[in-house]
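# Sharing a sequence plus its predicted fold:
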Amino acid sequence: MGVTAVAAAVFGPRPSNTRAWVITWLLAALSSFVFGALTIFWKARRKGTSIFTLPGRKFMLSLFPPLFAGGILSYALFDAGLTRLLPGLWLLLYGVGVISAGAYSVRVVPVMGLCFILAGMGAVFLPTAWGNMVMAAGFGGLHILFGLIIARRYGG
């Protein structure tokens, strides 16, 4: 998931090309979602369990409301010409979802969510031109860092 964000930041358009920039990041989010869902499915299958167990359902039900709210607010901000706020919004609401969902996961997941919230707080005050860098550091760097921690300490 983190590699997708880094690739979108490096190869995608600059935030000044608003429409293309938003489309690029929405496609990156969608591909990351698909990759993450497949990874969870494969891990559950390898362990002989279902992703639809009670903790799995609680995880999904805790993660999706902030992501849905982010989608609605993203459209409103885009429509109002306030795309400068999108990186902060996305990082903040993703962090909220990760903290909520992390209550049904290993201990480090809520810590990861807190880091996303902190990154989002900073992103709200940064200039538009920093959009790709902020997204690469947040969605790219934090996913890679915590992915390595989770893989090392918890087996993936």
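Thanks, I have the structure now.
# For the helix ranked longest in the chain, name the packing helices and strands.
When the chain is parsed with DSSP state H, its longest helix is helix 18-46. In terms of contacts (3 or more CB pairs under 8 Å, 6 or more residues apart in numbering; DSSP states H and E), helix 18-46 is packed against helix 2-11, helix 54-79, helix 86-102, helix 131-135. For the C-beta atoms, the positions are set from N, CA and C on the backbone; glycine is no exception.
# for these, which one sits closest to S31?
helix 2-11 (5.5 Å; CB to CB).
# Please name every helix or strand in contact with that closest one.
Helix 2-11 sits against helix 18-46, helix 131-135, helix 143-154, with contacts defined as 3+ CB pairs under 8 Å, 6+ apart.
# low-scoring stretches of the chain, by residue?
Scanning the chain for pLDDT under 70 picks out 156.
# let's see it at 80
51, 55-56, 155-156 (pLDDT under 80).
# Report the outermost residue of the chain with respect to its centre.
G48 (27.1 Å; CA atoms, centre = their mean).
# Specify the local secondary structure of it.
coil (DSSP: H, G, I helix; E, B strand; the rest coil).
# if we can go back for a sec, if you count neighbours, what's buried in the longest helix of the chain?
Buried residues in helix 18-46, counted by 16 or more other CB atoms under 10 Å: 18, 21-22, 24-25, 28-29, 32.
# Can you point out the buried residues in stretch 104-115?
For stretch 104-115, using 16+ other CB under 10 Å, the buried residues are 104-105, 109-110, 112-113, 115.
# Among those residues, which lie within helices?
By the criterion of DSSP H, membership of the buried residues of stretch 104-115 in helices covers 109-110, 112-113, 115.
# Return the closest of the residues you listed with respect to L89.
G113 (15.2 Å).
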